[in-house]
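**Student:** Would you be able to build a 3D model of this:
(2 chains)
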Protein chains: 2
Amino acid sequence: MNPGDRVRVERADETYEGVLLPSTTPDNLVVKLDGGYNVGIDRDQSDVEVLESEVYDIEDEESDDSSVVEFDPDLPTISLISTGGTIASTVDYRTGAVTAQFDAKDVLRAVPDLAGRANYRGRVVANILSENMTPDVWRELAQAVYDEIANGADGVVVMHGTDTMQFSASALSFMLDTPVPVVFTGSQRSADRPSSDNVMNAVCSVEAAKADCAEVLVCMHASESDDTCALHRGTRVRKNHTSRRDAFETIGAEPLGEVDYDAEEVTFRREYDERGTQELALADDLESDVELLKFTPGMGVEALDYADGKAGLVLEGTGLGHVHSDWVDRIGELVDDGTTVVMTSQCLGGRVCDRVYDTGRDLLDAGIIEGEDMLPGTAKVKLMWSLANSDDPATTMQEPIAGEITERSVPWE
Amino acid sequence: MNPGDRVRVERADETYEGVLLPSTTPDNLVVKLDGGYNVGIDRDQSDVEVLESEVYDIEDEESDDSSVVEFDPDLPTISLISTGGTIASTVDYRTGAVTAQFDAKDVLRAVPDLAGRANYRGRVVANILSENMTPDVWRELAQAVYDEIANGADGVVVMHGTDTMQFSASALSFMLDTPVPVVFTGSQRSADRPSSDNVMNAVCSVEAAKADCAEVLVCMHASESDDTCALHRGTRVRKNHTSRRDAFETIGAEPLGEVDYDAEEVTFRREYDERGTQELALADDLESDVELLKFTPGMGVEALDYADGKAGLVLEGTGLGHVHSDWVDRIGELVDDGTTVVMTSQCLGGRVCDRVYDTGRDLLDAGIIEGEDMLPGTAKVKLMWSLANSDDPATTMQEPIAGEITERSVPWE
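**Tutor:** Model (predicted):
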């Protein structure tokens, strides 16, 4: 058997049928299934039957550097921007694990289901695992998205590692006024695993990027089933599970909308900005000297020394927005020295309110800013942005800019 | 009208009928309703009618320091331990806000519904807002609970502020082997508010403390309705909302059980330790030189300097358990210098697995311990306990002691 052969592989009660691809490890068979999925199968104890020889010219495809999809003037143009992560990765033959090594064109080639939905432009901004994402890369990414839209893209899909996707989506929500959808997507399971979510997430993201919307969204599996992706507002979403494909959840509300995979339909459930309702604009300055500190019992006040002299500090307090009383004076000193200190809650749900208990009122007296119901990570990104773009960061932090603060529904929420 | 009068108060379409209590603020009327709730009503625009004078001798009750409930040999004995917080608080007349000032006997007096359910013993361990809780107070609390059980209590209810209740419940879960239920409860709304949850939570906690169970539990509203309290295992519970009465949730599973308020019935849904299955024992040493650090994008490696020389460090990483690659060498230095470093995930749901991606494997090589699916706060408390009580803390951290680590259900969860 050779790469390009059509094969049937049987192993451990499972049967796979498709085209054999070049394998990156000697222990592994990689088969492109008819649905477009690439499956990695342990060669050991696999029973392989060649159904047809050389149905597919692998060499030819690999040397082909023209666009995978020809331009169709009747279709919208979607820009795919890759930053790295599992969705743009394959198995690293050196170590047997996943490492980022695809560019956008490779992703397109890996997902035949994307054909016919749009004209595509590909662009690589970074090739990093998302735990290595930094404010500098957010700025490069925002500039790239801005350029793509300015150059006529009808929507943008950003492929991103899932670890810090919510932070990057928040960053672009604040830095960019967009007239078209900017859709972040990623993958919780790599493409060589049968349970990979990369094809459906990529397809649904392209559908979302074509939709009548002008927001920064995160598009990921809505449940463990392969039928629907949820559309989350970039500033309200959180990765709430280490491994589930439906790890991403909107905090404090239903997702903004959803994409039906089979029906190729995008539906919005809540109020959202429609396509074209705002002009394209970029405000990409960030004050990166901002830190987030989570308070837990037993944490000494000396933990605050790390924040000494910083431009901004987001505290992730307990309950309605508290820390140990011993911290109050030190926080007051930081504020007096010019650090903008914002209080959020590790509860994640609900609103900070420091007017109810003694500790909270003392914190307000010390000069903290209540972070309303912003997620702590979103508040950190927004503080970076506010300190660099607002004349009055304290006020800006308490006003909704990109859906990061929800209106009060009942007095205590 | 005078305190002790039976009154009807009408204000803004609401009617309240009960006994007028001494008010702590001039602007407020406090009425004890027939169900046992104390309601605070704004005196402004209130229409008050005295139905009967002096039905209740307030002076007499206030000077009465005998037990509220007479001993009944047919009832179990429940020990109520107060640590402070909203459930043991009233309105502070100086500032108009809530501050802790009750002892256990006051709570009993404030909740007539507790009568007839048990014989009670009251004890005050602390009188602090729970953001001020420390490992030293956990030790005092564990000793007090131990003493109460050793002295014949058939169950213990710990009244605690909600901000850090999950940390204290975790601490007692590790420090104490208990043959009877130890039930933490609190209140998200103070007793002077019509929506207070303190009566139902107190009553349900006493019912839970009488149940056939031998675990450390958290008993709080299961929904916004006043019908059921959920019983959460102390090591798996989290305050997930700043203000909702049903803020507490078990992460990654259904609650262990529930208490039906009206039916006075306790039901367990999952496997649990039955009353008497373990001997009473106390291992209350804690290594308090342990910190938790949450990693977010943009956080400099110098944040780790704070952990330099510490006995233990819990990292709250991204996704499967990652931090920026730049941190790996510094973490290796901490480990080499004798700091035990445990990795958890800010996802909260799911298990840490550092064998999938490059960063994770590098972290394992640097010497971190994977924290399985432990909640980060629980892992911090457990590390304090393990360093003081285990010859092999690294192994102890990966073995379930008090339900803090769940069995793997599917390979990727």
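**Student:** you'd agree residue A:326 is up against residue A:301?
**Tutor:** Yes - between residue A:326 and residue A:301 there is a contact under C-beta atoms under 8 Å: 5.2 Å. Quick note: C-beta positions are derived from backbone N, CA and C, even for glycine.
**Student:** Of all residues in the stretch 151-300 of chain A, which one is closest to chain B?
**Tutor:** Closest contact between the stretch 151-300 of chain A and chain B, by C-beta to the nearest C-beta, is at residue A:242 (3.2 Å).
**Student:** Can you list phi and psi of that residue for me?
**Tutor:** phi -70, psi -30 (degrees, to the nearest 10).
**Student:** ok, and the closest non-adjacent residue to it?
**Tutor:** Among residues not flanking residue A:242 along the chain, residue B:350 sits closest, at 3.2 Å (C-beta to C-beta, 6 or more residues apart in numbering or on different chains).
**Student:** who's in contact with residue A:254?
**Tutor:** Counting by C-beta atoms under 8 Å, 6 or more residues apart in numbering or on different chains, residue A:254 touches A:269-270.
**Student:** Distance check, it against residue A:230.
**Tutor:** As for residue A:254, its distance to residue A:230 is 9 Å (criterion: C-beta to C-beta, to the nearest Å).
**Student:** and what of residue A:312?
**Tutor:** 31 Å.
**Student:** Name all residues that make contact with the residue most central in space within chain A.
**Tutor:** Residue closest to the mean C-alpha point of chain A, counted by C-alpha atoms, centre = their mean, is residue A:165 at 2.9 Å. Contact partners of residue A:165, counting by C-beta under 8 Å, 6+ apart, are A:130, A:184, A:186, A:218, A:239, A:248.
**Student:** ok, the fourth one - how many residues close by?
**Tutor:** When neighbours are counted by other C-beta atoms under 10 Å in any protein chain shown, residue A:218 registers 33.
**Student:** And residue A:143, how far from residue A:164?
**Tutor:** Distance from residue A:143 to residue A:164, by C-beta to C-beta: 19 Å.
**Student:** mind checking the SS state of the residue of the stretch 1-150 of chain A at minimum distance from chain B?
**Tutor:** With C-beta to the nearest C-beta, the shortest gap between the stretch 1-150 of chain A and chain B falls at residue A:131, namely 3.9 Å. Three-state assignment for residue A:131 (DSSP: H, G, I helix; E, B strand; the rest coil): helix.
**Student:** burial count for the closest residue to it other than its chain neighbours?
**Tutor:** Spatial nearest neighbour of residue A:131, chain neighbours left out: residue B:322 (3.9 Å); criterion: C-beta to C-beta, 6+ apart. For residue B:322, the neighbour count with other C-beta under 10 Å is 30.
**Student:** Mutual contacts of residue A:326 and residue A:301, please.
**Tutor:** The contact lists of residue A:326 and residue A:301 share no entry, where a contact means C-beta under 8 Å, 6+ apart.
**Student:** ok, residue A:143 and residue A:164, which is more surrounded?
**Tutor:** More crowded of residue A:143 and residue A:164, by other C-beta under 10 Å: residue A:164, with 29 against 15.
**Student:** so, in contact with chain B or not, stretch A:209-220?
**Tutor:** No - against chain B, stretch A:209-220 shows no contacts by C-beta under 8 Å from any C-beta of the partner chain, the least distance being 13.1 Å.
**Student:** Run the chain-centre distance for that stretch.
**Tutor:** 12 Å (C-alpha atoms, centre = their mean, to the nearest Å).
**Student:** And residue A:5, its phi and psi?
**Tutor:** phi -70, psi 150.
**Student:** for it, what are its contacts?
**Tutor:** Counted by C-beta under 8 Å, 6+ apart, residue A:5 has contacts A:19-20, A:50-55.
**Student:** any chance of these in TSV, plus pLDDT and secondary structure?
**Tutor:** Formatted as TSV, those follow (pLDDT from 0 to 100; DSSP: H, G, I helix; E, B strand; the rest coil):
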residue	pLDDT	secondary structure
A:19	82	strand
A:20	84	strand
A:50	91	strand
A:51	90	strand
A:52	87	strand
A:53	85	coil
A:54	77	coil
A:55	75	coil
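**Student:** Need the residues you listed in TSV (columns: distance to chain B).
**Tutor:** Listed next are the contacts of residue A:5 as TSV, based on distance: C-beta to the nearest C-beta, whole Å:
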residue	distance to chain B
A:19	27
A:20	25
A:50	31
A:51	31
A:52	34
A:53	36
A:54	35
A:55	33
